[in-house]
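Chemist: what's the 3D shape of this:
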Amino acid sequence: MSARTLQKERTDAPVAFMPNLRGEDPSAQYWLRQATLRLRREICWLWRERELQGARPEPGAPMPPPVDRAIEALDLVRYDGDRRRFFADDVTARHLSEAMNASRLPSADDAHRGSFGWVVHRLRLAPIECFVLAVALLPIVDSAAGQVLSTCLNDPNRQAPTLGLVQRLWDRPDEVMRCFDPAHPLLRYGLISFGPGSPTGGDWHAPLAVPALVARQLLFPGDELPAALEKVSPGLLPQALTTGALARIKAALDGEDGRGMRVVPMVGVPGAALDAVVAACAQRDGMDVVRPSSTLSREHLAQALSAAWLRGLAVYLPVSALNEAAAHHDAPAISLPLPGLPLTVFVGVHDRSELRGLDAALPAVAVPALGHAERLQCWERALGAEGVDPILPELARRYRYDEAAIARVGAELKSLGRRPTGDEVLAAARADLDLGTLAQSVDPRFSLAELMLPSAQETQVREIVAAMSNLTRVHYEWGTARAWNESGLAVLFHGPPGTGKTMAAEALATELAMPLYRIDLSQVVNKYIGETEKNLSRLFDAADSADVILFFDEADALFGKRTEVKDAHDRYANLEISYLLERMERFKGLAILATNRKKDLDEAFLRRLRFVVEFPLPGAAERLRIWRSVIPAGVDASEVDFEFLSQRFSLAGGHIRAIVFQACLQSASEGAPRALAMSAIVRAVQREFDKLDRASSLDQFGPYADLVASQRSTR
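Modeler: Reported below is the predicted structural model:
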């Protein structure tokens, strides 16, 4: 037989029990073949050993029958000489031994990164360590290996290899002890693991396994990225990102000193594309960044990190991927698996406090959100400048999204198959907004034309509209953005109940085409110290990503005066107010505070307000307009004396609306005409006075006094 023929036979020789299972890495093929041949030889010996022990296998039995494991252990020394002679004299065993010795170990010097051979070369693995890795790998890649392993383990219920089995298969069993080191690279890098519940260093009978993602990489190093890892697309680097931050990211990407995981906290405001920033920095060094798939469970994170290291990738992890359920409030909130893995991991958070559980000395990289010019560039790329040019600067100010969110909105608009209108662009951008449960979305019902305000107040409301409409131009063309931190507007509506404060907020939302959210104080305010600030932080962080109107009804409950500190409660109450002051100053949308008790607000809030609008009780002329405007369309009110009602009863618009509604409820009997009589209105007025606990005389009701008198007599 020629040398070429012999070499081809060795190349085509089976690697595992399953036919045609080879993988792509020559070193993996060699060591898997070594494991398979040794297992086959061990099966041959077990047949012979059972005969020496007096066992009588049934004719045609496929595998050697199991025996008592204690007897098996006691007979290891007894039959050692027989075993060695059997391997030398038995035809099949001798053939298997010759096949093991005939195989030539391929060089791993130029192995593909992440392959079995690369691991052998990179970690300088000894032959026994290579063999342990191959034995652990075999049942993961070969579905036929389980029963063979079960027979060699003398236990039909176990199909995973152990170090005890490796010791029996290897010719120099003392060498297996080196694999017990809990800091061994095979364990520290997550290439092999012991079964659940085993000590860190394992034991002789703990099952050995190679994680599936690692096994795939060892055998198929040039394969495409597994679904468990998603490549992060590079994004724009914010101009405000400091040179020091860039240097810190570069140093983490360049360094691989084998001392363990390099963890870099990335702290950014909501809207800062932390992963895209990391990917952009890595791209400069010719490196890719991946993140675990959103469908990957926490228990599989370790093998995903190992696979990333094998492929030479950096990893971005949102802090939510590391959160663990803490047993008590002092327990670490997050933890990273495989801390000894020489991998660069960037952990993204919006608040440094979320890093509880990591080394407090880790220097964090502060990542700012994209600036207006950068967002404008993203919107232009996503939408195209044609047709929507006038709205792009406004869009870039209103919606402070990251590059990926902007691209998502652009893709949705392109699916229309035509050039979108300005309103369609705003609606699509607004659809990405979510403030959670801390605020309730309000559908505006009113317009500015429906407001019944004195001339001075009406002028102020229209000035608010003009200010919000001109904010983009003033910030980015006139140059006020830097000095005012791109801030929005904060206004105060104050006055007695029912004077139109909520109605004015809805009218502003309609006029400005901005979403309106009413703050739910029951969700925001919390009796536990620090929780109110956390809720407010989540609220403002979410609201800052887009132009919205935040409506704080009964604002004095949150924005009350700071008091002299007499106890811990006063101190933390003052902290809440101070925090609100700071966040209000940075808020980039329109904040409307409404209160009936202006005097109870902290003076520092008033200084930060751009507009303070007083909503007085309406005069007779305004009341007349309100009475006429609140009658439902299609309802006959020809009998109602609006002049009399507006002159005699000093009521706010909210009360007038409640009176008309009550009158409608009492007049809409089945079959009755759709009409309001003066008598129904008068009775509803008296009911409203009773509800408000306000005194009224019969003289005030003039010719309708008898109706009121009869109503009072029935009470």
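Chemist: hey, let's count contacts and neighbours off CA atoms from now on
Modeler: Will do.
Chemist: Skip ahead from the helix or strand bottoming out on mean pLDDT in the chain and say which helix or strand is next.
Modeler: The weakest-scoring helix or strand in the chain, judged by mean pLDDT, DSSP states H and E, is helix 3-12 (a mean of 44). For helix 3-12, the following helix or strand on the C-terminal side (DSSP states H and E) is helix 26-52.
Chemist: ok now that next one, how far from the chain's centre?
Modeler: Between the centre of helix 26-52 and the centre of its chain there are 49 Å (Cα atoms, centre = their mean, to the nearest Å).
Chemist: Average pLDDT for that helix, rounded please.
Modeler: The average pLDDT for helix 26-52 rounds to 91.
Chemist: Give me the buried stretch members for it, please.
Modeler: Of all the residues in helix 26-52, those buried under the rule 16 or more other Cα atoms under 10 Å are 26-50.
Chemist: now do stretch 482-502
Modeler: 486-495, 497-502.
Chemist: Narrow these to those in strands?
Modeler: Of the buried residues of stretch 482-502, the ones assigned to strands by DSSP state E are 489-494.
Chemist: Mind putting those into TSV with distance to residue 416 and pLDDT?
Modeler: Output for these, formatted as TSV (distance: Cα to Cα, whole Å; pLDDT from 0 to 100):
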residue	distance to residue 416	pLDDT
489	34	88
490	37	86
491	38	89
492	41	88
493	41	92
494	45	90
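Chemist: Among those residues, pick out the one closest to residue 547, please.
Modeler: Lowest distance from residue 547 to those (Cα to Cα) belongs to residue 489, with 10.7 Å.
Chemist: so the closest one sits right up against residue 466, yeah?
Modeler: No: using Cα atoms under 8 Å, residue 489 makes no contact with residue 466, being 11.5 Å away.
Chemist: And stretch 308-320, what's buried?
Modeler: Result for stretch 308-320 [16+ other Cα under 10 Å]: buried residues 308-319.
Chemist: now, among those residues, which is nearest to residue 215?
Modeler: So of the buried residues of stretch 308-320, ranked by how close each gets to residue 215 (Cα to Cα), first place is residue 310, at 10.7 Å.
Chemist: Surely that closest one touches residue 116?
Modeler: No: applying Cα under 8 Å as the test, residue 310 and residue 116 come out as separate, 9.8 Å apart.
Chemist: Now for those two: what residues contact both?
Modeler: When Cα atoms under 8 Å, 6 or more residues apart in numbering defines a contact, no residue borders residue 310 and residue 116 alike.
Chemist: For the closest residue to residue 166 other than its chain neighbours, grab the count of nearby residues.
Modeler: Distances taken as Cα to Cα, 6 or more residues apart in numbering place residue 132 nearest to residue 166, at 6.7 Å, with adjacent residues excluded. When neighbours are counted by other Cα atoms under 10 Å, residue 132 registers 24.
Chemist: same question for the host helix or strand of residue 132, mean pLDDT?
Modeler: Counting by DSSP H and E, the element that carries residue 132 is helix 127-141. For helix 127-141, mean pLDDT is 94.
Chemist: list the buried ones in stretch 591-604?
Modeler: For stretch 591-604, by 16+ other Cα under 10 Å, it's 591-596, 598, 601-602.
Chemist: ah, wrong one, I meant stretch 162-176
Modeler: 162-170, 176.
Chemist: So for the residues you listed, which is the shakiest by pLDDT?
Modeler: At the low end of pLDDT for the buried residues of stretch 162-176 is residue 176, which has 89.
Chemist: list the contacts for the closest residue to it other than its chain neighbours?
Modeler: Nearest residue to residue 176 in three dimensions, chain neighbours excluded: residue 167, at 6.1 Å (Cα to Cα, 6+ apart). Residue 167 makes contacts with 173-174, 176, as judged by Cα under 8 Å, 6+ apart.
Chemist: any idea which of those is closest to residue 336?
Modeler: Closest approach to residue 336 among the contacts of residue 167 (Cα to Cα): residue 176, at 29.2 Å.
Chemist: Please report the distance of the closest one from residue 29.
Modeler: Per Cα to Cα, to the nearest Å, residue 176 is found 21 Å from residue 29.
Chemist: Over to residue 438?
Modeler: 59 Å.
Chemist: ditto for residue 14
Modeler: 9 Å.
Chemist: Which neighbours do those two have in common?
Modeler: By Cα under 8 Å, 6+ apart, the residues touching both residue 14 and residue 29 are residue 22.
Chemist: Now do the closest residue to residue 554 other than its chain neighbours, the pLDDT please.
Modeler: In this structure, residue 554 finds its nearest non-sequential neighbour in residue 595, 4.8 Å apart by Cα to Cα, 6+ apart. Predicted confidence (pLDDT) for residue 595: 85.
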